[in-house]
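Colleague: give the three-dimensional model of this entry:
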Amino acid sequence: RMLVDESRKEIYSGNPQEARRFLIQVWYPAQPVGGMKQAAWMPEATQVAPAIASWLVLPEFSLDHLKYVRMPSYTDAPIAQSDELYPLLLFSHGWGGFRSQTSFLMHELASYGYVVVSMEYPYASLLTVFPDGAVAQHNPQTLPSGVSDEEYVRAAGRLVDQWVGDLTYTLETVEQMNQPGGEFAGRLDLQRIGVFGHSTGGGATVEFCFRDSR
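Modeller: Predicted coordinates for the structure are as follows:
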């Protein structure tokens, strides 16, 4: 799902008037119904796989097979019913990462009764493909190399601040999804919220916890 935060501007696209938009993907205990098909690990694999290969200094065709990979999960399956509410976790990938990079962990957590929301941060992610087909290429200037320590720290601060804004907006969105009529409609325990991340995403989670009392 694409989220658009009209209260903030995109600082990495080159268009200072563009609202910040980013992607989330949600894993949760589900009850598949008849006829549902297993979800693709990476729906945009034909575009993202060559970018992963280039990042790993491999020929671009090396990971073309990723488009065939399926997960032990189902797209848009109804949430499983339970006598207990499901706690919420937010996952923040690292610089150059992408939202489905740690899917094995999302599945494991969902199997224990967690709802996990994984972020994808455009321009700092490896490659983001929006639902309308627009593509946000990785922008190395989000964390520039070959600069002074002071300039690097300033850039890292800007990046983390943008990611914290995404985490905040995501949490507000999920709270709305838990309202009557929403996708989760009272199934979430929003008194039990956790956040975790990898590398730069881990740094963003520390700052997010510092700023947000939830």
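Colleague: quick one: the strands in this structure?
Modeller: 2-9, 19-27, 38-40, 70-74, 86-92, 115-120, 127-129, 135-137, 188-197 (DSSP state E).
Colleague: buried residues in the longest one, which are they?
Modeller: Within strand 188-197, the residues that qualify as buried are 188-189, 193, 195, 197, counting by 16 or more other C-beta atoms under 10 Å. Every C-beta, even on glycine, is put in place using the N, C-alpha and C of the backbone.
Colleague: and T168, which of the strands of the chain is closest to it?
Modeller: Closest approach to T168 among these (C-beta to C-beta): strand 2-9, 8.8 Å.
Colleague: how about that closest one as PDB, C-alpha atoms only?
Modeller: Taking Å, rounded to 0.1, in the frame of the first residue of the first chain, the C-alpha atoms of strand 2-9 are listed here in PDB:
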ATOM      1  CA  MET A   2       1.200   3.500  -0.700                       C
ATOM      2  CA  LEU A   3       0.800   6.100   2.000                       C
ATOM      3  CA  VAL A   4       0.900   9.900   1.200                       C
ATOM      4  CA  ASP A   5       1.600  12.300   4.000                       C
ATOM      5  CA  GLU A   6       0.400  15.700   2.700                       C
ATOM      6  CA  SER A   7       1.800  17.400   5.800                       C
ATOM      7  CA  ARG A   8       5.400  16.700   4.700                       C
ATOM      8  CA  LYS A   9       7.400  17.300   1.600                       C
END
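Colleague: use 458 as the first number from now on
Modeller: With 458 as the first residue, the last one maps to strand 459-466.
Colleague: which residues sit against that strand?
Modeller: 473-481, 587-588, 619, 622-623, 626-627, 630 (C-beta atoms under 8 Å, 6 or more residues apart in numbering).
Colleague: what sits against Y609?
Modeller: 600-601.
Colleague: same thing but at 10 Å, please
Modeller: 600-603 (C-beta atoms under 10 Å, 6 or more residues apart in numbering).
Colleague: repeat for P500
Modeller: 482, 524, 532, 557, 586.
Colleague: which residues does the residue nearest the centre of the chain bridge with?
Modeller: Taking C-alpha atoms, centre = their mean as the criterion, M576 is the residue nearest the geometric centre of the chain, at 1.4 Å. Beta-bridge pairing for M576 (DSSP bridges): I481.
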